[in-house]
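A.B. asks: need a 3D model of the following:
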Amino acid sequence: MATPSSRRATQLVALAGFLVWPAVTAAAPSRAEMDVAVRELGGDHDRATAARYELQAGGREAAAAIREGWSTMSPLARQRVLPVLRILAPNHDEAVDALVEAARSGDETLAERALQALAASAARGREGMIRLIVDPSVGERAAELLARSAPDLAIEPLLLAMSEAGGPDRPGLRDALAVAAQRAKSPRAALLAWLGTSPPAAAVASAAFGLAALERVRDVLTSFVEYAVGRSGDFPTIWRLLRSAGAAGPSASIDGWAERQIRDAEPWMLRAAAVDAVTARGQREHAREALADPYPRVRARAASALSGDPGTLLARATLARRDAWPMVRAAAVTSLRSEPDALPVIVASIDDPMSLVRATAIDVLTTSPHDEGWERIHRRLRASDEWPKVTASAIRYAAAHCRTDASESLFRVVMRAAPSNALTEDLNNAAEAIEALRAIGTPEAVAVLDRLRGTPGVPPTLKMALEAPAPAVRCPTAAH
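C.D. replies: Modelled structure (predicted):
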């Protein structure tokens, strides 16, 4: 019987292409020889290389030896044996078992290589990946690879993993389900079959959240949400259902449930999500009562959702001027942007005590075709103690409305950046002011640019902006 060392020498010569005599049928490798080869994987490079060649030709005995010896292998030996397992896995369950252990090892490099090997091992390897999906430590990556390599096969195990304890809270499973459902030839059957097993509502809500962006399974999404709304009570489940409900198809039960959440849900995040849901479902009128919600973020969300709604114009205008929270006032001001009757409210908000609201009002007026409010905006532009974000909004307004009478004020904005201790916001606004002057392009604006070129103290970076090629003139040369 050939010794292990002589067998390895023969194999190496054959692999190098130097074997010229007639082939001799060698005896099948024994388990004892494979055990020796496994132990030599941790040796020097030549011995380990020879052991790898012997193992990859060793069939089931080699796979069994690797699997049994895995727990005692050094990290180096485990890395060396992975290419062998990749060769053996398509035909031997023991090799798949070893790759599964490698994926669970906690070594990121080793785990990734093991998962890649499983993904390349056809049926047996994919079965190994299915076993890994339920393991939170490595299951997300296994789910991702399986969803991409075998989407039709992946759907059922992904849904089952979501049904396990903690499964609904694993975003990687939802992402993989979305990939599989998008790539599968016929995902509907597997999705509906799972729903027919009466899975936990939390798992269904999680699956619905993952599928919400896929138009091709919209009818399935509707069924998932309808199934879960009557069975859910915890915050994560309700939140995921509300986030999914906007993409679901027509359903009286979903409509009624989402509307009730605006009134009845205790956490404010659920009420805010309910506003989004009814709006996405084309029923934003159900969000009107949320304008009076006790929590400011919900009121702000409702104001945004009801932009342009004539039935709530007065209520939103009242929020814009009287709500105690700046975020609500700002959202309400923005919601009024397309309603001419609300223009006085927006103009008045230029002088709101909070900079967020002032900047928002100016931004809304920047996109307006009218010049209402310019006097107030100009005062904000000239004010040296104004918050930088309000100044920035005023600069954009001046450029958008071609306010050549803002030229001197824009000069002052640039000069605020002249001191060596100027704030970054002042430097940014100075650059914006130069661009506004260049865009206005009237004689008054050009004269100010010339003054700036000759003014000592202007920072070098702004000097460079002054010397940049002139942009295409957007504004008329006549002064306002």
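
A.B. asks: could you use CA atoms for every contact and neighbour count after this?
C.D. replies: Will do.

A.B. asks: report the contact partners of residue 191.
C.D. replies: 155, 156, 220 (Cα atoms under 8 Å, 6 or more residues apart in numbering).

A.B. asks: do that again at 10 Å, thanks
C.D. replies: Residue 191 makes contact with 155, 156, 159, 181, 207, 217, 220, 221, 224 under the criterion Cα atoms under 10 Å, 6 or more residues apart in numbering.

A.B. asks: same check, this time on residue 109
C.D. replies: Taking Cα under 10 Å, 6+ apart as the criterion, residue 109 is in contact with 79, 102, 103.

A.B. asks: related to what we said a few turns ago, any idea which of the contacts of residue 191 is closest to residue 341?
C.D. replies: Using Cα to Cα, residue 221 comes nearest to residue 341 of the contacts of residue 191, at 41.0 Å.

A.B. asks: tell me the pLDDT of the closest one.
C.D. replies: pLDDT, residue 221: 97.

A.B. asks: can you lay out the contacts of residue 191 as CSV showing neighbour count and distance to residue 239?
C.D. replies: Rendered in CSV, the data for these read as follows (neighbours: other Cα atoms under 10 Å; distance: Cα to Cα, whole Å):
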residue, neighbour count, distance to residue 239
155, 25, 23
156, 18, 24
159, 24, 19
181, 24, 22
207, 29, 13
217, 19, 20
220, 22, 19
221, 30, 15
224, 27, 14
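
A.B. asks: what is the nearest of those residues to residue 303?
C.D. replies: residue 221 (28.4 Å).

A.B. asks: distance check, residue 417 against residue 385.
C.D. replies: According to Cα to Cα, to the nearest Å, residue 417 and residue 385 sit 14 Å apart.

A.B. asks: neighbour count for these two, which is higher?
C.D. replies: The residue with the greater number of neighbours, taking residue 417 and residue 385 and applying other Cα atoms under 10 Å, is residue 417; the counts read 23 against 9.

A.B. asks: tell me the contacts of that one?
C.D. replies: Applying Cα under 10 Å, 6+ apart as the definition, the contact partners of residue 417 turn out to be 423-431, 457-459, 462.

A.B. asks: dump those residues into CSV; add distance to residue 401 as well.
C.D. replies: What follows is the contacts of residue 417, written out as CSV (distance: Cα to Cα, whole Å):
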residue, distance to residue 401
423, 27
424, 26
425, 23
426, 22
427, 23
428, 20
429, 18
430, 18
431, 18
457, 29
458, 26
459, 28
462, 23
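
A.B. asks: spit out the contact partners of the residue nearest in space to the middle of the chain.
C.D. replies: Most central residue of the chain, judged by C-alpha distance to the mean C-alpha position with Cα atoms, centre = their mean, is residue 175 at 10.5 Å. Residue 175 makes contacts with 140, 143, 144, 147, 207, 209, 210, 211, as judged by Cα under 10 Å, 6+ apart.

A.B. asks: so of the residues you listed, which ones are in strands?
C.D. replies: Among those, no member is found in strands (DSSP state E).

A.B. asks: any idea how far residue 76 is from residue 44?
C.D. replies: As for residue 44, its distance to residue 76 is 11 Å (criterion: Cα to Cα).

A.B. asks: ok, now residue 218?
C.D. replies: Between residue 218 and residue 76 the distance is 49 Å, computed by Cα to Cα.

A.B. asks: so those two - more neighbours on which side?
C.D. replies: residue 218 (18 against 11).

A.B. asks: per-residue confidence for that one?
C.D. replies: pLDDT recorded at residue 218 is 96.

A.B. asks: with residue 171 instead?
C.D. replies: On the pLDDT scale, residue 171 gets 95.

A.B. asks: which residues touch it?
C.D. replies: Under the criterion of Cα under 10 Å, 6+ apart, the contact partners of residue 171 comprise 140, 162, 177, 206, 207, 209, 210.

A.B. asks: list the buried ones in the helix or strand hosting the third one?
C.D. replies: Read that as residue 177. Using DSSP states H and E, the secondary-structure element containing residue 177 is helix 171-183. Buried residues in helix 171-183, counting neighbours by 16 or more other Cα atoms under 10 Å, are found at 171-183.

A.B. asks: what's the offset of that helix from the middle of its chain?
C.D. replies: Put simply, helix 171-183 sits 14 Å off its chain's centre (Cα atoms, centre = their mean, to the nearest Å).

A.B. asks: list the helices and strands the helix ranked longest in the chain packs on?
C.D. replies: Longest among the helix segments of the chain by residue count, using DSSP state H, is helix 424-440. Contacts defined by 3 or more Cα pairs under 10 Å, 6 or more residues apart in numbering; DSSP states H and E place helix 424-440 against helix 388-400, helix 407-415, helix 443-453, helix 460-466.

A.B. asks: that helix versus helix 407-415: what angle between them?
C.D. replies: Counting by axes from the mean of the first three to the mean of the last three Cα atoms, to 10 degrees, helix 424-440 points 150 degrees away from the direction of helix 407-415.

A.B. asks: list the buried ones in helix 424-440?
C.D. replies: Residues 426-427, 429-440 are the ones in helix 424-440 that count as buried (16+ other Cα under 10 Å).

A.B. asks: assess the claim that residue 274 and residue 246 are in contact.
C.D. replies: Yes: contact criterion Cα atoms under 10 Å: residue 274 and residue 246 qualify, at 9.1 Å.

A.B. asks: quick check: neighbours shared by these two?
C.D. replies: Taking Cα under 10 Å, 6+ apart as the contact criterion, the residues that touch both residue 274 and residue 246 are 258, 280.

A.B. asks: out of the contacts of residue 171, flag the one nearest to residue 342.
C.D. replies: For the contacts of residue 171, the minimum distance to residue 342 (Cα to Cα) is 37.9 Å, reached by residue 209.

A.B. asks: for the residue lying closest to that closest one once chain neighbours are set aside, helix, strand, or coil?
C.D. replies: Leaving aside its chain neighbours, residue 209 sits nearest to residue 244 (5.2 Å; criterion: Cα to Cα, 6 or more residues apart in numbering). For residue 244, the assignment made with DSSP: H, G, I helix; E, B strand; the rest coil gives helix.

A.B. asks: in helices, which of the contacts of residue 171 fall?
C.D. replies: Among those, the members falling in helices (DSSP H) are 140, 162, 177, 206, 207, 209, 210.

A.B. asks: report the buried members of the residues you listed.
C.D. replies: Neighbour-count burial within the ones in helices among the contacts of residue 171 applies to 140, 162, 177, 206, 207, 209, 210; the criterion is 16+ other Cα under 10 Å.

A.B. asks: rebuild the residues you listed as TSV, extending it with pLDDT.
C.D. replies: Putting those into TSV (pLDDT from 0 to 100) gives the following:
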residue	pLDDT
140	93
162	96
177	97
206	97
207	97
209	97
210	96
